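Undergrad: Just the structure for this:
(2 chains)
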Amino acid sequence: MGVARYTKDEKGRIVQVDYPSGINVKAVYSPEDLERVGFSYEKDLAEPGVYPFTRGIHPEGYRSRVWTTRQYSGFGTAAETNERFKLLISHGQTGLNVAFDLPTQMGYDSDDPMAEGEVGRVGMAIDSLRDFEIAFEGIDLARIGAGLTINAVASIMLAMYQATAEKYGFSADVISATPQNDILKEMIGRGAWIFPVEPAVKLIGDTIEHSIKAMPKTNPVSISGYHIRESGATVAQEIAYAILIANAYIDNVLKRGYDIDQFVGRFSFNLDIFGNIWETVAKFRAGRKLWARNLKERYGVKKSSNMFMRGMFGGGGGGLTKAQPENNIMRGAYYAMAAALSGAQTTGLCSYDEAYTIPTPHAAILSLRTLQLLMDEMGLRDTVDPLAGSYFIETITKEMEQRIEEEIARIEKVGGIIQAVTTGYAQRAVAQQAYAFEKGIQSGELLKVGVNIYAEEEEMEVELHEYNAESAEKQIENLRALKRERNNREVTKTLTALEEAARSGTNVMPYLVDCCKAYATVGEMARVFRDVFGEFQEPSVV
Amino acid sequence: MEKRIRVLVGKPGLDGHDRGAKVVAQALKDAGMEVVYTGLHKTVDQIVRTAIQEDVDVIGLSIMSGAHISLTAKLLQKAREQGIGNKMVVVGGVIPSRDIPKLKEIGVAGVFPGGASFDDIVAFLKENVPHS
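TA: Numbers count the residues shown, from 1 in each chain, chains lettered A, B, ... in the order given. Got it, this is the predicted structure:
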C-alpha cells in the first residue's frame, strides 16, 4: 500500500505530504502544534499502563515481557500441521496461529463437492475431532495458546478445541484459545461468511457467553480490523470499524444479562502493520486510547485492565509484493519495527513468499527471526513507547484520533455497523479506497519499490510450498473411515439436540461440544446451522 | 455504434478475497465495458449459467487460493458442455508464472496475475474480444 501522496515542486522537493487517512504532514513540528491540537499530557498520554493507555497497556512494556510471536501456520493434513507447530515451537515460537483450509472455514467436509481441489490447500483440513487430536498431539495446551483463524464456524472450532483439550487431560478452564470469530469483518473484507448477519452475530455471542462460563482463559473474539485494512480501508477506517464491530458483539452479550466487566477484558484485536511507519504508530496509539474511552464512557467499564486494546498487531500482507519477493523480507522487518514502536503485545509477520502461496518452513522461520532480532538485538526492549513526546508523533496521534472518530460517525449516520454491513455501505467504502489506491499505483502517484519504481524486467522465482493432492485424498479416505467407525446413533442424537438448541435460540456451545465428542463432522454441524439460519445474501457492491 | 463489451467477473470456489475482483470490475466499467460481478463462493456451474443468462462476451475468473488450474479446467469443461465453449476466458489472481503456460494450454486466452495493469487488461479485451 502506498504510504502517502507526495506533492513535489519543480526541483523535486516535497512540498506536501498527505496520508491516506487524511492527515496532512508538515515539514517540521514544534510545541505550537501540540497546542494547536489541544494536546494534554494527563488526558492524552499519561503513564504507560494507565488510562487511556496511549503509551501501551503494560507499565514496563517489553522490559517485563517480550511480545508473543505467532506465525500463521497449518496446511494439508493435521499430521503435517502438527509437525510445523512443533518446528516453530522448537525455534522459540510462543503461541500457535492455526490456518484452516477453505472447506473447513466454509463449513464443508473434505468429501463435499464444494471442497474439490481445496482440501488442505491454504490451511489444515479439519473434518472431525480426530483431526484436532492429531494436530495438537504432544503440545502443552496449558502453556501454549492457540489462535484459530476461523470465523463463520468459529463456534464449532472452539467446541472442537475444548473437546480436544479435555481428551488430552487439560480442563476447559486452563486452556487459552483465540478464535478469530469476527464475522462482520468477513462480510466487509475477507469473504468467509456463511450465515446471515443476525444469527452470525448471535453465534459469536454464544461463544463469548460460553467463555465466561467455562473457558475463562479463552479470548473468544479477535476483532480483525486487519482484513478490512487488507481489503483497502484506510487505517482510520480499520480502527473505526473494529471498534464498532466489537461494540456489536458487546451489545449481544449485554442483552443476555451479563456485566461488561465479566467479559470484555478477554476481547482481543487483530490489526495490520503495513504502510507508512508514522501513520501506523499513530494508529495504534490513538486506537488504544479510543477503545479504552469507548469502554469507559459508553459502557461504564470499571476495571482498568478490561480496557486494554490487546491483541495481535502484525501480518502486513497488504504491503508485500509479488515483484522482487525478497524485498518483502526487508518490508516485513520495517513493519515489525513499526509494531514494536507501537507496543504490540502479540505479533507475527506475513512471510516473503506469501504473495505466491502459503509460506515454506524457511520463510516462516525467517519471519520469526526478524521478530526475535528486534527484541534481542536492536534495543526495542529498552524503554516503553520510545516515540512519546515527539511533537510530530503526539500531534498526528491526536489527528488520527479525530479521523477515526469521523469514520465512526459516518457509520453511525447510516444506522450503525450492522446496517452498514447488511446494505453493503461499508463494503463499498472499502472497495472505493482499494480502487483509488490501485489507480494511484498504476499512475505512479503512489510509489511501490520493485513495482512502479526500481522495477526489473526479469522475474525472480521463489521456492513454493507444493500442494499435496495425495494428502487431500488421504484426508477424504480418513473421513470415510471415521463415518464407518464412529457411533452414528450418538452422532444423530447430538446433532438433533444441536438443531433444537439452534431453533430455540439457546446457547449452542454445550451442544457443539457434545457433537464434537461424538465425532460429528464440521460439515454436519454447519449443515444444521445452514438449515436453521439460512445463508448471507451478499449486497451488490460493484 | 460499437457494441460495449460485456464481461462477467466470477469468483469460483470458496475463497473470499475479492479485492482484486472488485477493483478490476470497477476498472473495466470505467473503461466503458458492461460488467456483471457474480459475488463470492460461486460454483463453476453457477458461473457458466450466469454467463449464458447475461450473454457476456468474456468470462474473467479471479482466483487467489491456488486452485486456479483445477477450477479453470472445470469451468472450461462446463462451458463446452453448455454450448458456450467459444466464450473467451481470462484468469487473474495469485497465479505463479510457471502456471501461466498450463492455463493457456487448457484454453485460457489471457492470464493477469496480481499487479497486472488495468491498461493491459482493457487493451487485451478490446483487442481480442470478438464483438461487432
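Undergrad: Read off the pLDDT value for A:Asn452.
TA: Note for A:Asn452: predicted pLDDT of 91.
Undergrad: Apologies, that question was intended for A:Glu461.
TA: Per-residue pLDDT puts A:Glu461 at 67.
Undergrad: same deal with A:Ser155?
TA: On pLDDT, A:Ser155 comes in at 98.
Undergrad: Can you list the buried residues in the helix or strand containing it?
TA: Here A:Ser155, judged by DSSP states H and E, is contained in helix A:154-167. By neighbour count on 16 or more other CB atoms under 10 Å in any protein chain shown, the buried set for helix A:154-167 is A:Ala154, A:Ser155, A:Ile156, A:Met157, A:Leu158, A:Ala159, A:Met160, A:Tyr161, A:Gln162, A:Ala163, A:Thr164, A:Ala165. Where you see a C-beta, it was placed from the backbone N, CA and C, and this is true even at glycine.
Undergrad: Now for the third one: which residues touch it?
TA: The reference is to A:Ile156. Applying CB atoms under 8 Å, 6 or more residues apart in numbering or on different chains to A:Ile156 gives the contacts A:Gly107, A:Leu512, A:Cys516, A:Val522, A:Met525, A:Ala526.
Undergrad: how about the helices in chain B?
TA: Using DSSP state H, the helices found in chain B span residues B:19-30, B:44-53, B:68-81, B:100-105, B:118-128.
Undergrad: Reformat those as JSON lines; add mean pLDDT.
TA: Formatted as JSON lines, the helices of chain B follow (pLDDT from 0 to 100):
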{"stretch": "helix B:19-30", "mean pLDDT": "95"}
{"stretch": "helix B:44-53", "mean pLDDT": "97"}
{"stretch": "helix B:68-81", "mean pLDDT": "95"}
{"stretch": "helix B:100-105", "mean pLDDT": "97"}
{"stretch": "helix B:118-128", "mean pLDDT": "96"}
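Undergrad: Tell me which of those is the most buried.
TA: helix B:19-30 (a mean of 22; mean count of other CB atoms under 10 Å in any protein chain shown).
Undergrad: Any idea which residue is closest to the centre of chain B?
TA: Chain B has B:Gly60 as the residue nearest its centroid, 0.8 Å off, counting by CA atoms, centre = their mean.
Undergrad: so how far is chain A from it?
TA: Counting by CB to the nearest CB, to the nearest Å, the gap from B:Gly60 to chain A is 12 Å.
Undergrad: For the closest residue to chain A within chain B, which non-adjacent residue is closest in space?
TA: Nearest to chain A, among the residues of chain B, is B:Gly16, at 1.8 Å (CB to the nearest CB). Nearest in space to B:Gly16, with sequence neighbours left out and distances taken as CB to CB, 6 or more residues apart in numbering or on different chains, is A:Gly191 at 1.8 Å.
Undergrad: ok, now which ones touch that neighbour?
TA: B:Asp15, B:Gly16, B:His17, B:Asp18, B:Leu40, B:His41.
Undergrad: export the residues you listed to CSV and tack on distance to A:Glu406, neighbour count and pLDDT?
TA: Output for those, formatted as CSV (distance: CB to CB, whole Å; neighbours: other CB atoms under 10 Å in any protein chain shown; pLDDT from 0 to 100):
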residue, distance to A:Glu406, neighbour count, pLDDT
B:Asp15, 33, 27, 90
B:Gly16, 28, 24, 91
B:His17, 28, 21, 90
B:Asp18, 26, 26, 92
B:Leu40, 30, 19, 95
B:His41, 33, 22, 94
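Undergrad: and of these, the nearest to A:Arg298?
TA: Closest to A:Arg298 out of these is B:Gly16 (31.0 Å), distances taken as CB to CB.
Undergrad: isn't B:Gly20 right up against B:Gly93?
TA: Yes. The criterion here is CB atoms under 8 Å, and B:Gly20 meets it with B:Gly93 at 6.3 Å.
Undergrad: re the thing from before, would you turn the buried residues of helix A:154-167 into TSV with distance to A:Gly379?
TA: Listed next are these as TSV, based on distance: CB to CB, whole Å:
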residue	distance to A:Gly379
A:Ala154	38
A:Ser155	43
A:Ile156	44
A:Met157	39
A:Leu158	39
A:Ala159	44
A:Met160	42
A:Tyr161	37
A:Gln162	41
A:Ala163	44
A:Thr164	40
A:Ala165	38
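Undergrad: Out of these, which comes closest to chain B?
TA: A:Ala154 (14.9 Å).
Undergrad: ok, that closest one touching A:Gly205?
TA: No. Applying CB under 8 Å, one finds A:Ala154 not in contact with A:Gly205, separated by 11.8 Å.
Undergrad: just checking, next helix/strand downstream of the helix holding A:Ser155?
TA: strand A:177-179.
Undergrad: Show the average pLDDT along whichever helix or strand comes after that following strand.
TA: As assigned by DSSP H and E, the chain's next helix or strand after strand A:177-179 is helix A:183-185. Here helix A:183-185 scores 98 as its mean pLDDT.
Undergrad: Helix A:183-185 vs chain B: in contact?
TA: No. Between helix A:183-185 and chain B, judged by CB under 8 Å from any CB of the partner chain, nothing touches; the nearest distance is 11.0 Å.
Undergrad: Check which helices and strands that helix is in contact with.
TA: Applying 3 or more CB pairs under 8 Å, 6 or more residues apart in numbering or on different chains; DSSP states H and E, we find helix A:183-185 packed against helix A:197-214, helix A:225-230, helix A:235-254, helix A:417-423.
Undergrad: For that helix, what is the distance to the chain centroid?
TA: Relative to its chain's centre, helix A:183-185 lies at 11 Å (CA atoms, centre = their mean, to the nearest Å).
Undergrad: So what's the gap between stretch A:165-178 and the chain middle?
TA: Computed by CA atoms, centre = their mean, the chain-centroid distance of stretch A:165-178 equals 22 Å.
Undergrad: what's the answer for stretch A:272-289, then?
TA: Computed by CA atoms, centre = their mean, the chain-centroid distance of stretch A:272-289 equals 15 Å.
Undergrad: Over to stretch A:482-493?
TA: The answer for stretch A:482-493 is 35 Å, by CA atoms, centre = their mean.
Undergrad: one step back: overlap in contacts of B:Gly20 and B:Gly93?
TA: Residues touching both B:Gly20 and B:Gly93 (CB under 8 Å, 6+ apart): B:Ser62, B:Met64, B:Gly114.
Undergrad: about what we covered before: among the contacts of A:Ile156, which one has the most neighbours?
TA: In terms of neighbours by other CB atoms under 10 Å in any protein chain shown, the contacts of A:Ile156 top out with A:Leu512 at 31 neighbours.
Undergrad: quick one: contacts for that one?
TA: Going by CB under 8 Å, 6+ apart, A:Leu512 touches A:Ser155, A:Ile156, A:Leu158, A:Ala159, A:Leu498, A:Met525.
Undergrad: Spit out the contact partners of the closest residue to it other than its chain neighbours.
TA: Excluding the flanking residues, the one nearest A:Leu512 by CB to CB, 6+ apart is A:Ala159, at 3.6 Å. Contacts for A:Ala159 (CB under 8 Å, 6+ apart) come out as A:Met509, A:Leu512, A:Val513, A:Cys515, A:Cys516.
Undergrad: so for the helix or strand hosting A:Glu499, what's the average pLDDT?
TA: Counting by DSSP H and E, the element that carries A:Glu499 is helix A:488-504. What helix A:488-504 shows for mean pLDDT is 98.
Undergrad: Quick one: mean pLDDT for the helix or strand following that helix?
TA: Where DSSP H and E defines the elements, the next helix or strand beyond helix A:488-504 is helix A:509-517. Averaged across helix A:509-517, the pLDDT comes to 98.
Undergrad: In JSON lines: the helices of chain B, plus distance to A:Asp18.
TA: Output for the helices of chain B, formatted as JSON lines (distance: least, CB to CB, whole Å):
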{"stretch": "helix B:19-30", "distance to A:Asp18": "21"}
{"stretch": "helix B:44-53", "distance to A:Asp18": "40"}
{"stretch": "helix B:68-81", "distance to A:Asp18": "37"}
{"stretch": "helix B:100-105", "distance to A:Asp18": "37"}
{"stretch": "helix B:118-128", "distance to A:Asp18": "23"}
